[in-house]
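Trainee: just coords:
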């Protein structure tokens with residue numbers, strides 16, 4: 001299982017991805033994995049999902065994404081939730 005520190009780092013990268021995406025396009029847009037460097041960075045979502053607690057993933061896949069993207073909480077708070085530590 002991934003450590004709290006590593007999940008927190010992934011969430012910092014996820015937040016940066018969204019900021020870059022919005023800065024470039026003026027709004028957040030979905031980019032496929034094969035669409036250049038920014039598309040490659042969007043793979044961060046898969047890393048977060050694969051490393052979230054199995055118990056958490058079984059309940060609600062969409063909720064997992066909503067928690068990962070909730071910038072009203074710190075990356076460490078979100079990491080604890082996603083890892084089932086909170």
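Mentor: Noted; the coordinates are in hand. Computed from a predicted model, the values in this text were never measured in an experiment.

Trainee: what's near enough to touch residue 67?
Mentor: By CB atoms under 8 Å, 6 or more residues apart in numbering, the contact set of residue 67 is 73, 78, 81, 82. Using the backbone N, CA and C atoms, a C-beta is placed for each residue, glycine as well.

Trainee: now do 6 Å
Mentor: Neighbour list for residue 67: 78, 81 [criterion: CB atoms under 6 Å, 6 or more residues apart in numbering].

Trainee: how close does it sit to residue 15?
Mentor: 13 Å (CB to CB, to the nearest Å).

Trainee: for this protein, which spans come out with low pLDDT?
Mentor: The chain contains residues with pLDDT under 70 at 57-60.

Trainee: that one: helices as residue ranges?
Mentor: 4-25, 36-41, 44-51, 54-59, 61-68, 75-82 (DSSP state H).

Trainee: tally of neighbours for the residue lying closest to residue 22 once chain neighbours are set aside?
Mentor: Residue nearest to residue 22 in three dimensions, not counting chain neighbours: residue 28, with 5.2 Å by CB to CB, 6 or more residues apart in numbering. Per other CB atoms under 10 Å, the neighbour tally for residue 28 reads 12.

Trainee: try residue 86
Mentor: 10.

Trainee: check contacts around it.
Mentor: residue 80 are the contacts of residue 86 under CB under 6 Å, 6+ apart.

Trainee: from residue 55, how far off is it?
Mentor: Distance from residue 86 to residue 55, by CB to CB: 13 Å.

Trainee: please apply the same query to residue 23.
Mentor: From residue 23 to residue 55 the distance is 36 Å (CB to CB).

Trainee: for residue 15, same thing?
Mentor: 24 Å.
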